[in-house]
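K.L.:
here's a sequence, model it:
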Amino acid sequence: MQKENRLTREFSVKNVNVLYLDDDLDVLESCKSMHRFDFNIFTTVSVNDAIEIIESNDIHIIIADQQMPNMSGLDFFSSIIDKYPYPIRILSTGYSDVDTLVNSINSDTIYKYLSKPYSPEEMMRVIEDAARMYFSKKKSYLQHD
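P.N.:
This is a model prediction of the structure:
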């Protein structure tokens, strides 16, 4: 149970590692400046770089844009979910394909869908909720381990 107590003690939004994956550099810069004092922010425009960041860091939350040139956000999440099941996955897009979104939420591929543009307050609330879910899942896993 020592792991569980340490995990609970360490939970603080300041310790949350958030990865933003988006092909729009302006969006990434905005997200980075919006939350630089709130969370540990990682950003990239590349799916391959995103995977390297996940492999090298304890990423808790991943926010990915749906409409990217080489791979959609949903396809990216589907490609990493088996190897990295714990990060909370949030899909962000300016477009809406309701059927795709419903299916991905129902299949547990994503935790939440965010429609662009979103306010800093909305993003903060979503990240805080996702962090609570992440640490709750992790705590549950450690209790059963």
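K.L.:
which of the three states applies to the most centrally placed residue in the chain?
P.N.:
Centroid-nearest residue in the chain, with CA atoms, centre = their mean: residue 62, separated by 1.9 Å. Classification of residue 62 using DSSP: H, G, I helix; E, B strand; the rest coil returns strand.
K.L.:
what comes up buried for stretch 22-41?
P.N.:
Of all the residues in stretch 22-41, those buried under the rule 16 or more other CB atoms under 10 Å are 22, 27-28, 30-31, 34-35, 38-41. Placement of C-beta: from N, CA and C, glycine included.
K.L.:
now the residues you listed in CSV, with distance to residue 85, pLDDT and secondary structure?
P.N.:
Listed next are the buried residues of stretch 22-41 as CSV, based on distance: CB to CB, whole Å; pLDDT from 0 to 100; DSSP: H, G, I helix; E, B strand; the rest coil:
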residue, distance to residue 85, pLDDT, secondary structure
22, 22, 94, coil
27, 26, 85, helix
28, 25, 89, helix
30, 29, 87, helix
31, 24, 82, helix
34, 28, 79, helix
35, 24, 78, helix
38, 25, 84, coil
39, 21, 88, coil
40, 20, 92, strand
41, 22, 93, strand
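K.L.:
what is the nearest of those residues to residue 93?
P.N.:
Distance to residue 93 across the buried residues of stretch 22-41 (CB to CB) is lowest for residue 22, with 9.8 Å.
K.L.:
thank you kindly, that will do.
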